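*Asks:* What follows is a predicted protein model with its sequence.
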Amino acid sequence: QVQLVSSGGGLVQTGGSLRLSCAASGRTFSTYSMAWFRQAPGKEREFVSGVSWSGSSTYYGDSVKGRFTISRDNAKNTVYLQMNTLKPEDTAVYFCAAKPASRGLPDRVAIDYSYWGQGTQVTVSS
C-alpha cells in the first residue's frame, strides 16, 4: 500500500507560480505511475499531469501544457508539480494519485488509480 500526502497549495495572483509536492510512504514508490488531478467546485475531477515510474515519460492535460511541469524523485519518494503562469481557471483542489506501473503508464482516467492524497487547495486570484 501507498499513503500519499500532498502539500504546497495556496493563494497566488494571476501569472504567479506554485510548486506542489506529494510525498509517498513505503519502499515501493518507484513501482508506481504517478499523476496529478484537480477538481473545481461543481466540476468533475480533471487529469492534470502524469509521470511514469522512472520519470522518463510525462503527460499533460491540454489546459496546462507549456505551463506545468511534473517530476519525481524516487530517492525521496516524492512527485512534484511546478505550476507557472497560473490562471484563475487553475483554481481547484489538486490531488496526487498512484497506480502500480504494472497496470500501465499514467492515464487520464481517475478510477484507474488505486491511491489518492488528501488534496491541496490552489487559488488563483484575478
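*Replies:* Arrived safely, thanks for sending.

*Asks:* Can you give me every residue that contacts Gln3?
*Replies:* Residues near Gln3 by CB atoms under 8 Å, 6 or more residues apart in numbering: Ala24, Ser25, Gly26, Tyr115. (C-beta placed from N, C-alpha, C; glycine too.)

*Asks:* ok, now Val122?
*Replies:* Counted by CB under 8 Å, 6+ apart, Val122 has contacts 9-10, 12, 18, 20, 38, 83, 86, 90-94.

*Asks:* thinking again about what came up before, quick check: PyMOL command selecting the buried ones in the contacts of Gln3.
*Replies:* Buried subset of the contacts of Gln3, written as a PyMOL selection, criterion 16 or more other CB atoms under 10 Å:
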select buried, resi 24+115
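
*Asks:* Where is pLDDT lowest across the contacts of Gln3?
*Replies:* Ranked by pLDDT, the contacts of Gln3 bottom out at Gly26 (79).

*Asks:* Surely that one is within a helix?
*Replies:* No: according to DSSP: H, G, I helix; E, B strand; the rest coil, Gly26 belongs to no helix; its state is coil.

*Asks:* any idea how far Pro100 is from the closest residue to it other than its chain neighbours?
*Replies:* Nearest non-adjacent residue to Gly26, counting by CB to CB, 6 or more residues apart in numbering: Val2, 5.3 Å away. For Val2, the distance to Pro100 equals 9 Å [CB to CB, to the nearest Å].

*Asks:* Thank you kindly, that will do.
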